[in-house]
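Trainee: Return atomic coordinates for the entry below.
(chains A, B and C)
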Amino acid sequence: MTDTTQQVASLRDSAGPMSAVTGWGLGGRTAAIRSVGLWLALFIILIAIFGPLLAPQNPSAIDFGSRLMGPTARHWFGTDEAGRDVFSRVLEGARITMSSVAVVIACGAAAGVIIGTIAAVVGGIVDELLMRITDIGMAFPPLILALGLSAALGASLRSAIIALAFTWWPRYARLVRAMVADIQNTDYVTAARELGAQRLWIVRRHILPATVGTMLVQVTGDVAAVTLTLAGLSFIGVGAQPPQPEWGAMIADGQTYLPVVWWPVLFPGLALMFTAVSFSLAGDWLRDRYARDGG
Amino acid sequence: MPLLEVSGLSKSYFRGRSGRNAHRVDAVRDVTLHLDAGEILGLVGESGSGKTTTARCIAGLVRPTAGSILFEGKDVLALRAAELRAARRPIRMIFQNPYSSLDPRMSVGEIVAEGLVVNKLATGREDRRERVLAALADVGLPADAYQRRPKAFSGGQRQRIAIARALVVEPRVLICDEVVSSLDVSIQAQICNLLADLRSKRGVAILFIAHDLGVVRQLCHRVAVMSEGSIVETGPTASVLTKPTQAYTQSLVAATPVPDPRHPYVMLKHEHQEAQKSTNGNESP
Amino acid sequence: MTTSADLLSVRELSVSFAIPAGIARAVNDVSLNIRAGERLALVGESGSGKTVTAMSLLGLVRGATTSGQICYGNRDLAALSSKEWRAVRGREIGIVLQDPNSSLNPTMRVRSQVFEALRLAGVSREHRQSEAVSLLGKVGINDPAGILRAYPFQLSGGQQQRVVISIALAQQPKLLIADEPTTALDVKVQAQVMQLLLDLGEQQHMSILLITHDLSVVAGFAGRVAVMYGGRIVELGDTITIFESPQHPYTQGLLRSTPRADADQGTRFDAIPGEVPPATDLPSGCAFRLRCPFAQARCAAELPVLSGMNQAGHLVACHFVGQLEPAKRPAESSDATA
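Mentor: Numbering: from 1, shown residues only, chains lettered A, B, ... in the order given. Coordinates of the predicted model:
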């Protein structure tokens, strides 16, 4: 194929399934929509880092005199049942949620990459063994594991994080193993072997860099999933405990006052939705970008 | 003494589960050939003939099931690990597909330097850089290619990069596995000229694997014809391709189209029917 | 101008794509005609625009800006809607592509795929098996019943390509477009498949447009040849004339670069220096001028028009037609450019 034909083909492929029906996506509107996700995701990360410094009130400041007041100029998101400023709590919650998610994904990805790479590079019985362990890991539902851990270690954000990290690494292991197995068969790895390169060199110089693109896409998309799962665990009580302003926990606290007092539930809910959608879109955009540039 | 001497080389693969249902495929059967210093030996055959597997055995990518490979008199197959790598250093392979044989994430400079780095052949970064630039010049690429990525280059230019990668470690033998088969005709001619120049200027011997008899005819001193894992005929290119003695070679030559409209290459009807009877049944998936 | 013997007449076809690197002008003002029952070869290297031209004849180019006319019968194919195209594709114009492995659905048996083609040809269910067997026999398959039962991966490359040809022929189209049909096949199988196409073309009085980069294949197969470069036709004429007295420097260079099995060992390969220009960045005037040994100032300023020479039907797009010594060899300087 000529370089031109290759470019046109890859452009068409990266436009997504809808483009076949609508004819859009050939480098125009849908791409622009998705890049918004990237900016929003970056915005959320900034909020997570700097948000609590910008909080107008102390998120833990209890004030029974102004409990359950609606949004006003002083309390943009209103106050909760203990009189705390919901807006400040949402900002603090951003830091708690995002840092927890970061820990879960970092541990899961690190473990997954190591296990997947060893399995694919060493092969044979080691591969079989590691993949069967991965299968077992994949069979664990996050919820059950979290409940079990909270029973053993006591319900807390820390046990939720450990539980999630344990359930998240298998998908990375599988993904990386498949990628590495493919990359090992490429001509350029064969060429490196022919030059006399040893396994460690090939892994460091050729294989791992090739996985960065896909991993980045996967990780970004997973932020959305892990955020929601973590919030869910906090909601049912096995994650963050009061008075931590984790969004899921805030929703759990506020739901008894629904529907008249809607603000302690709506705003953390919106924050969750905003985060999940942004990171999802960002993940899609990254995937398209890598598909087009050939990774 | 020939530079490279291959004797009784065999490679068998086992498909399916071992034991009862083991299905043996003999990719290479008892192949014997030699390559003298400064010569270009062509290795031709159709797909499945075993020419690529033979090349990979010589390059050290595949371990043969039997046979010996003598390079400069030493039996390479009797060596292990570090000794083996050192003995094989003067033999370099260049692959067919220029779009997949270069790591898209590395710069051209890094790609060409890899052989030096991996084998610790340079005395430092400066030395490495100089050697890479010299190799790039030898293959006709400009110095500014050093920082660029492979995707900025066309197929023919990428093959030059691949050749530079092989040249930078000062090889004595180049194994070219169908290196011009996926290139356009005018570019193919450029690369063939480059290989011929490298042979005359640097004295490298070349094992040239191809399926296009025309290219082989013009480039190679001698040619070996392979079919179904074995060598069917060997000899000086001119005689083997003009007056082949073996039936297989004759059919191969007869089927090769010639760019001359007064000699229509599509065979006359009765020849075609003969060919169809014999090959239609033998076509293997 | 369409004469009565013309099956298909392409007039000033231009196709361009908007890609990240810019506007790719893949096909520029291509005009050619295919007569009933003739074999025309469209020759060019990668990037010449030959495949996009062929795909345009079948309306298979998406996301492109197209202008010009494709006159087939009394219809302009370039103006057809996708619904109208369905009546033309397969029925009037068939196609055979390069890689038979990806032309056939690997999850369906050969039988299902051939039956699908026969269904479109209007063959009733009861007759499909016998028709399929006869169709496969026509393309030279020895054991039609066995092949029909098989999956594509169980067949050899040559057998797969024969199946593809039989599917293309099921509706008895008047024109068959073959885009590099034998490039992926071994040389002996290649000869058989080309012979097959030749025989079928004659038996069914079907025109064949052969797209290829291989001049050797063209020499024994096509009656007329069109040479493309930079999205334009640079030379057009009957095969013997093109091969024996090529007038365009690119055609001359291409013929000289083609290796011959009767050449002498050790002779230098005649290469055309430089690289094919990308469709996004074609040189002004004549696209070949940067690699042409005869280029002058006029070549950059003025686009040469494809026009006739004394011999009927031999068209060349060069300002200096007939004034160039055909045997002139390009200088043997460095072959590569950045």
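Trainee: Is my assumption valid that C:Q192 occupies a position in a strand?
Mentor: No: applying DSSP: H, G, I helix; E, B strand; the rest coil, one finds C:Q192 to be helix, outside a strand.
Trainee: Next, work out how far apart it and A:V113 are.
Mentor: The spacing between C:Q192 and A:V113, counted by Cβ to Cβ, to the nearest Å, is 51 Å. Every C-beta, even on glycine, is put in place using the N, C-alpha and C of the backbone.
Trainee: Tell me which of those two has more neighbours.
Mentor: C:Q192 (25 against 21; other Cβ atoms under 10 Å in any protein chain shown).
Trainee: my read: that one touches C:G158, true?
Mentor: Yes: contact criterion Cβ atoms under 8 Å: C:Q192 and C:G158 qualify, at 6.5 Å.
Trainee: who touches the residue lying closest to C:A117 once chain neighbours are set aside in this structure?
Mentor: When the adjacent residues along the chain are set aside, C:A117 lies closest to C:A170, with 3.7 Å between them (Cβ to Cβ, 6 or more residues apart in numbering or on different chains). By Cβ atoms under 8 Å, 6 or more residues apart in numbering or on different chains, C:A170 lies in contact with C:90, C:114, C:117-118, C:120-121, C:135.
Trainee: Drop anything exposed from the residues you listed.
Mentor: Buried members of the contacts of C:A170, scored by 16 or more other Cβ atoms under 10 Å in any protein chain shown, are C:90, C:114, C:117-118, C:121, C:135.
Trainee: Format these as TSV; extra columns: pLDDT.
Mentor: Listed next are these as TSV, based on pLDDT from 0 to 100:
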residue	pLDDT
C:G90	84
C:V114	93
C:A117	91
C:L118	92
C:A121	88
C:L135	91
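Trainee: Mind putting those into CSV with secondary structure and distance to C:N28?
Mentor: Compiled in CSV, the buried ones among the contacts of C:A170 are given as follows (DSSP: H, G, I helix; E, B strand; the rest coil; distance: Cβ to Cβ, whole Å):
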residue, secondary structure, distance to C:N28
C:G90, coil, 29
C:V114, helix, 39
C:A117, helix, 35
C:L118, helix, 39
C:A121, coil, 36
C:L135, helix, 39
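Trainee: Just the element for the most centrally placed residue in chain C, please.
Mentor: Closest to where the C-alpha atoms of chain C average out (Cα atoms, centre = their mean) is C:I211, at 1.6 Å. Using DSSP states H and E, C:I211 sits within strand C:207-212.
Trainee: Contact residues of chain B facing chain A?
Mentor: B:59-61, B:85, B:88-89, B:92-93, B:95, B:97, B:100-106, B:114-115, B:118-119, B:151, B:154, B:162, B:165, B:169 (Cβ under 8 Å from any Cβ of the partner chain).
Trainee: what about the helices in the stretch 51-200 of chain B?
Mentor: For the stretch 51-200 of chain B, the helices defined by DSSP state H, counting those that start in this stretch cover B:51-59, B:81-88, B:108-118, B:125-138, B:155-167, B:185-202.
Trainee: quick one on the thing from earlier: out of the residues of chain B next to chain A, which are buried?
Mentor: Applying 16+ other Cβ under 10 Å to those flags B:59-60, B:85, B:88-89, B:92-93, B:95, B:97, B:100-106, B:114-115, B:118, B:154, B:162, B:165, B:169 as buried.
Trainee: And the pLDDT for the residue nearest to C:A117?
Mentor: If you check C:A170, the pLDDT there is 91.
Trainee: for C:L215, same thing?
Mentor: 90.
Trainee: How about stretch C:11-18, which residues are buried there?
Mentor: Quick answer for stretch C:11-18 (16+ other Cβ under 10 Å): C:11, C:13-18.
Trainee: Also stretch C:245-257?
Mentor: C:246-257.
Trainee: Low-confidence ranges, the stretch 51-200 of chain C, go.
Mentor: Along the stretch 51-200 of chain C, segments meeting pLDDT under 70 are nowhere present.
Trainee: Using the three-state scheme, assign C:L176.
Mentor: Relying on three-state DSSP, one would call C:L176 strand.
Trainee: ok so, going back, chain B versus the residue nearest to C:A117, what's the distance?
Mentor: 21 Å (Cβ to the nearest Cβ, to the nearest Å).
Trainee: Quick check: phi and psi on that residue?
Mentor: phi -50, psi -40 (degrees, to the nearest 10).
Trainee: could the buried ones among the contacts of C:A170 go into JSON lines alongside distance to B:E5?
Mentor: Formatted as JSON lines, the buried ones among the contacts of C:A170 follow (distance: Cβ to Cβ, whole Å):
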{"residue": "C:G90", "distance to B:E5": "57"}
{"residue": "C:V114", "distance to B:E5": "52"}
{"residue": "C:A117", "distance to B:E5": "54"}
{"residue": "C:L118", "distance to B:E5": "58"}
{"residue": "C:A121", "distance to B:E5": "60"}
{"residue": "C:L135", "distance to B:E5": "53"}
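Trainee: out of the residues you listed, which one sits closest to B:H263?
Mentor: C:L135 (32.2 Å; Cβ to Cβ).
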